[in-house]
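Undergrad: what shape does this take:
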Amino acid sequence: MTTEQPRTRVLIVTGDPIGERMAGPAIRVWNMARALADVAEVRIVSWAPISRESDTFAMFHLAETDDAGMKQHEAWSDVIIVQGMSFRIFPSITRTEKIVIADLYDPFQLEQLEMNKYSERARWEDEVTKAVSLLNEQLARADMFLCASEEQRSLWLGGLSALGRLNPANYAEDPTFESLVRIVPFGLPADPPTQRRHAIKGVVPGISPDDRVLIWGGGIYNWFDPVTLVEAMGLLADERPEIKLFFLSARHFNPDVPEMKALTDTVAAAERLGLTGRSVFFNDSWVDYEARADYLLDADIGVSTHVWHAETRFSFRTRILDYIWAGLPVISSDGDVFAHTVRDRGLGSVVPPGDAVALAQAITGLLDDPEALSATASRVRGAREDFTWARALEALVEFCAAPRAAADASTARRRRSISHGTDFERILTMRPGLRRDLALFVHYARQGGLALVREKLGERRRRRDRT
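TA: I've put the predicted structure just below:
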């Protein structure tokens, strides 16, 4: 008689809202939980609101200050998957002796270089310092790391090497370190999308049922280059009035995500060129996750343009997965992971960053050649299976079915954190409480005076009000 082995208990910690409207981190967590539920007991804990339900895993909301509540979930778990600021919000996670997986699919320290570059220099440096410090804590402690591509694996191996994690113990376990840093990219649903209603063509004022629609499937952030795309539309507007550009979600539904300069610049460019409501259209609300197919299937081409900088090299443009899901030919800027995929697999056109003329030519080149457009769409549909969530999450599911600590776990857990080069880095790793609050007060007062202190207090108050 055999005794069934108990299932692994996996706790996933996130700070993103989980509901009808979800951004990338929450979509990823939701699909992780669904896949892991086949081999494990799963709980999601978020310090942001939760308004969805599941029959296969449990979800809990905790206030940012409720570390006592988190201790109960930590005690229950065998494996803890952390995202974003989890280590900073809940000290019990930082101190855990359980197996920790750090989900690093989003190199947010590189995003911070773009997100805050228009702020005062001191604030810009603070935000990047916070991101790097948080990432280094995870790199110093976690037993396994998730990334989205080979390029990202190289990035994180560099960080691990600098922190001493590419050591003899881990090398003896796996001299490639591929089991330490596993590629677990973003995915797409296994079932093809279905359209319940038209959401753009014949619905949005100014876009007729017969128009040709380019869709920008996501938010407008500083690391993208939508202005060049608008300028390309300006080159086409007079001679090709039937070509329309639709921005799916101009403004983020989560108030914790600030409105970025890229959005302001894009709206201004469309106004300056007289394109708003004529050739360029902005959807001011964030589209519900389950409703996005209605918009995608009303488009003819999916577009994603960016500038060339460090974030581009290591990015994983998840919106392009939605284009593949919807069978849309893709036009993208060169330089990132998906540009190679689009080019190598014939999924659309790749253009040099910042080149409006090349963009306009790529748009008309696809739309004016029905056979090429149809063949490209067919290849895109054929690529769907390679990017499903089931395939993307294989390495994570395999690990959680039989989890094990890193070979250097005893050293990593004793260290728990890295040495900190500045007083601000030291403050960031202090336990939440009055002492840390006072230290932050002094730091922000020195950086920006009472105005910055009031701004930070306001941000904290708004976060607590929302949760």
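
Undergrad: from here on, just use CA atoms for contacts and neighbour counts.
TA: OK.

Undergrad: outline the domain layout of the protein.
TA: 8-187+396-419, 212-387, 433-467 (automatic domain parsing).

Undergrad: lowest mean pLDDT across the ones you listed, which one is that?
TA: Ranked by mean pLDDT, those end with domain 433-467 at the bottom, a mean of 64.

Undergrad: how about the domains of the chain in CSV, adding distance to residue 199?
TA: What follows is the domains of the chain, written out as CSV (distance: least, Cα to Cα, whole Å):
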stretch, distance to residue 199
domain 8-187+396-419, 17
domain 212-387, 5
domain 433-467, 30
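
Undergrad: ok, which of these comes nearest residue 194?
TA: With Cα to Cα, the closest approach to residue 194 among the domains of the chain belongs to domain 212-387: 6.5 Å.

Undergrad: and that closest one, how far from the chain's centre?
TA: Domain 212-387 sits 17 Å away from the centroid of its parent chain (Cα atoms, centre = their mean, to the nearest Å).

Undergrad: start to end distance for that domain?
TA: As for domain 212-387, its first-to-last residue distance stands at 27 Å under the measure Cα to Cα, to the nearest Å.

Undergrad: so what's the closest residue to residue 48 other than its chain neighbours up against?
TA: Setting aside the residues directly before and after it, residue 48 is nearest to residue 17 in space (Cα to Cα, 6 or more residues apart in numbering), at 4.9 Å. Going by Cα atoms under 8 Å, 6 or more residues apart in numbering, residue 17 touches 26, 46, 48, 49, 50, 254.

Undergrad: ok, so of the residues you listed, who is nearest residue 383?
TA: Distances from residue 383 to the contacts of residue 17, taken by Cα to Cα, are shortest for residue 26, at 24.3 Å.

Undergrad: quick one: buried residues of the strand or helix carrying that closest one?
TA: Taking DSSP states H and E as the definition, residue 26 sits inside helix 24-36. The neighbour-count check on helix 24-36 (16 or more other Cα atoms under 10 Å) flags 25, 26, 27, 28, 29, 30, 31, 32, 33, 34, 35, 36 as buried.

Undergrad: what does stretch 305-320 give?
TA: For stretch 305-320, burial by neighbour count (16+ other Cα under 10 Å) applies to 305-308, 311-312, 314-320.

Undergrad: next, the distance between the ends of that stretch.
TA: Stretch 305-320 end-to-end distance (Cα to Cα) = 11 Å.

Undergrad: ditto for stretch 325-339
TA: 17 Å.

Undergrad: please apply the same query to stretch 156-167.
TA: For stretch 156-167, the first-to-last residue distance is 14 Å (Cα to Cα).

Undergrad: what is the distance between that stretch and the centre of its chain?
TA: 23 Å.

Undergrad: could you say which helix or strand contains the nearest residue to residue 222 once chain neighbours are set aside?
TA: Of all residues not flanking residue 222 in the chain, residue 262 sits nearest, at 4.9 Å (Cα to Cα, 6+ apart). In this structure, residue 262 is located in helix 261-272 according to DSSP H and E.

Undergrad: so what does the next helix or strand along the chain from that helix touch, helix or strand wise?
TA: For helix 261-272, the following helix or strand on the C-terminal side (DSSP H and E) is strand 280-282. Applying 3 or more Cα pairs under 8 Å, 6 or more residues apart in numbering; DSSP states H and E, we find strand 280-282 packed against strand 243-247.

Undergrad: helices or strands next to the strand it packs on in the packing?
TA: When contacts are defined as 3+ Cα pairs under 8 Å, 6+ apart, strand 243-247 sits against strand 212-216, helix 226-236, strand 280-282.

Undergrad: restricting to C-alpha, output the second one in CSV.
TA: Taking C-alpha atoms only, helix 226-236 is exported to CSV below (Å, rounded to 0.1, in the frame of the first residue of the first chain):
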residue,chain,number,x,y,z
PRO,A,226,4.6,56.2,-29.5
VAL,A,227,5.5,59.7,-30.8
THR,A,228,7.4,58.4,-33.8
LEU,A,229,4.4,56.1,-34.5
VAL,A,230,2.1,59.2,-34.4
GLU,A,231,4.5,61.0,-36.8
ALA,A,232,4.3,58.0,-39.2
MET,A,233,0.5,58.4,-39.1
GLY,A,234,1.0,62.0,-39.9
LEU,A,235,2.9,61.0,-43.1
LEU,A,236,-0.1,58.8,-44.1
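
Undergrad: show me what it is packed against.
TA: Packing contacts for helix 226-236, counted by 3+ Cα pairs under 8 Å, 6+ apart, involve strand 243-247, helix 261-272, helix 356-367.

Undergrad: got the contact list for it?
TA: Residues from elsewhere that reach helix 226-236 (Cα under 8 Å, 6+ apart): 220, 243-245, 262, 265-266, 269-270, 273, 275, 279-280, 304-306, 354-357, 359-360.

Undergrad: could you redo the last one with a cut-off of 6 Å?
TA: 266, 354, 356, 360 (Cα atoms under 6 Å, 6 or more residues apart in numbering).

Undergrad: widest-spaced pair of those residues?
TA: Longest span within those, Cα to Cα: 266 and 360, 16.8 Å.

Undergrad: still on that earlier bit, to residue 205, which of the domains of the chain lies closest?
TA: domain 212-387 (7.6 Å).

Undergrad: please produce a PyMOL select command covering the buried subset of the contacts of helix 226-236.
TA: Listed next is the PyMOL selection for buried residues among those, using 16+ other Cα under 10 Å:
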select buried, resi 266+354+356+360
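
Undergrad: for stretch 399-417, buried residues please.
TA: Neighbour-count burial for stretch 399-417 [16+ other Cα under 10 Å]: 400-401, 403-409, 412-413, 416-417.

Undergrad: may I ask which two of those are separated the most?
TA: Farthest pair in these, by Cα to Cα: 401 and 417, 27.9 Å.

Undergrad: send the alpha carbons of stretch 73-87 over as PDB?
TA: The C-alpha coordinates for stretch 73-87 follow below in PDB (Å, rounded to 0.1, in the frame of the first residue of the first chain):
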ATOM      1  CA  HIS A  73       0.600  32.400   5.300                       C
ATOM      2  CA  GLU A  74       4.400  32.000   5.500                       C
ATOM      3  CA  ALA A  75       4.000  29.300   8.100                       C
ATOM      4  CA  TRP A  76       1.500  27.400   5.900                       C
ATOM      5  CA  SER A  77       3.800  27.500   2.800                       C
ATOM      6  CA  ASP A  78       6.600  25.300   1.500                       C
ATOM      7  CA  VAL A  79       7.500  27.600  -1.400                       C
ATOM      8  CA  ILE A  80       7.100  31.400  -1.600                       C
ATOM      9  CA  ILE A  81       7.100  33.200  -5.000                       C
ATOM     10  CA  VAL A  82       7.800  36.900  -4.600                       C
ATOM     11  CA  GLN A  83       7.200  39.800  -7.000                       C
ATOM     12  CA  GLY A  84       8.200  43.400  -6.900                       C
ATOM     13  CA  MET A  85       8.200  44.900  -3.400                       C
ATOM     14  CA  SER A  86       7.200  41.800  -1.500                       C
ATOM     15  CA  PHE A  87      10.400  41.700   0.600                       C
END
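
Undergrad: what residues of it count as buried?
TA: 73-74, 77-87.

Undergrad: same question, stretch 47-61
TA: By 16+ other Cα under 10 Å, the buried positions in stretch 47-61 come out as 47, 48, 49, 50, 57, 59, 60, 61.
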